[in-house]
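In: sequence and predicted structure below; questions after.
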Amino acid sequence: MRLKDQERAKSFLEKLQSQGKIPNALLLYGPPGVGKTTCALELSKGLLCQRGAPWGCGGCASCESIESVIDRILLGEWESISLFEESAGRKVFLYLSGEHPDFIFVPPDGTSLKIDQIRGVREFVYRKPALSGRKVILIDDAHLMTREAANALLKVLEEPPGHTHFLLVSEGKESLLPTIVSRTHQVELSPLDRESFYELLGEEREDLYRASGGSVKLARELREREDVLGLVEDFIEGDPRKVLSLVQEMEKRDLEDKLLFLRFLEDRVRETFLRRELDYDRFEAMVRRIEEIRAGLRRGLRFSLAVYSLYSIRR
Ligand SMILES: [Zn+2]
């Protein structure tokens with residue numbers, strides 16, 4: 001088990017596993033970056049283990065083959081994992097063929113999970129397990145399913161073959177079809193505490209913990225773009241000279257960087273509010289203005305005007 005935190009969720013799942021009572025459909029939900037996907041991957045390993053160890057024994061053929069898959073997924077290398085292709089040559093969904101025949105990992109294709117991907121899942125489900133006694137389908141970011149995809153999935157969930165387990169990972173329950181949610185057993189994962197966060201991030205960075213609100217996923221992104229993060233901090237600090245120079249700097253950047261600045265800023269504003277350093281009215285006004293600016297920038301709004309209008313709310 002790689003998770004350092006989430007003791008409650010972990011012991012609950014372990015109990016179900018050891019009693020052989022893992023339901024056919026499980027929904028793991030919670031904020032981004034708290035280890036939902038990792039938890040679902042580890043659970044998959046256990047479900048498929050030939051020796052029935054709750055989190056996998058690590059030594060059987062199933063565990064060995066899924067471990068390399070897990071490593072590659074966690075490293076974000078799913079591009080390099082073979083894609084399943086229909087006879088027409090159309091890429092349908094990520095199918096880890098040849099790595100573990102009874103496991104598929106289904107992440108969004110671009111910005112959404114599409115119906116073609118779920119059709120692929122249905123084909124997979126009705127084949128008999130090859131290596132393990134079960135089959136596991138991990139649907140990542142399930143909240144990004146299109147309406148059609150969700151309806152297609154619902155049909156399979158209504159009558160799942162006994163040997164299959166659906167693990168749905170989602171940032172929230174609300175953004176899923178209620179009919180899907182009601183067919184799953186739900187497990188909530190909570191935000192990470194500082195210690196677990198530092199351990200997963202690999203360094204003690206108080207600034208990243210605060211800026212990301214405890215999301216390791218977001219913190220890794222922030223770390224990649226420390227230049228933009230630094231400018232966001234200048235804005236939050238509020239020194240007018242710094243704000244002026246950050247505006248001049250950002251004006252030179254492309255739209256993508258400007259949008260990134262706004263995204264980081266929004267997270268930071270939310271976090272400032274949660275620490276009660278910003279009252280609700282200003283928080284709400286800022287979030288609303290950020291949303292308007294986002295749309296405005298795409299239409300050619302000048303970044304300096306946008307930031308000054310935010311700055312006037314901030315003060
Ligand atoms: Zn095993």
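Out: That came through, no problem.

In: how close does residue 136 sit to the ion?
Out: 13 Å (CB to the ion, to the nearest Å). Glycine gets a C-beta too; all of them are placed from N, C-alpha and C.

In: next: residue 295.
Out: Counting by CB to the ion, the gap from residue 295 to the ion is 51 Å.

In: again with residue 227
Out: 45 Å.

In: what kind of secondary structure is that residue in?
Out: Per DSSP: H, G, I helix; E, B strand; the rest coil, the local secondary structure of residue 227 is helix.

In: count of neighbours near it?
Out: 11 (other CB atoms under 10 Å).

In: please apply the same query to residue 133.
Out: 13.

In: which residues sit in contact with the residue nearest to it when sequence neighbours are not counted?
Out: Counting by CB to CB, 6 or more residues apart in numbering, residue 133 lies nearest to residue 163, which is 6.5 Å off, once chain neighbours are set aside. By CB atoms under 8 Å, 6 or more residues apart in numbering, the contact set of residue 163 is 128, 129, 133, 134, 135.

In: rerun at 10 Å
Out: Contact analysis of residue 163 by CB atoms under 10 Å, 6 or more residues apart in numbering lists 24, 102, 125, 128, 129, 132, 133, 134, 135, 136.

In: among those, which pair sits farthest apart?
Out: 24 and 128 (16.2 Å; CB to CB).

In: how about residue 147, what does it touch?
Out: Contacts for residue 147 (CB under 10 Å, 6+ apart) come out as 115, 177.

In: what residue of the protein is the furthest out?
Out: Within the chain, residue 241 marks the point farthest from the mean C-alpha position, 37.3 Å out by CA atoms, centre = their mean.

In: helix/strand/coil for that one?
Out: At residue 241 the chain is in helix, as set by three-state DSSP.

In: sorry, back to before: so what's the predicted local confidence for the residue nearest to residue 133?
Out: Among the per-residue scores, residue 163 holds a pLDDT of 90.

In: give the buried residues for stretch 217-228.
Out: Buried residues in stretch 217-228, counted by 16 or more other CB atoms under 10 Å: 217, 218, 219, 220, 221, 222, 223, 228.
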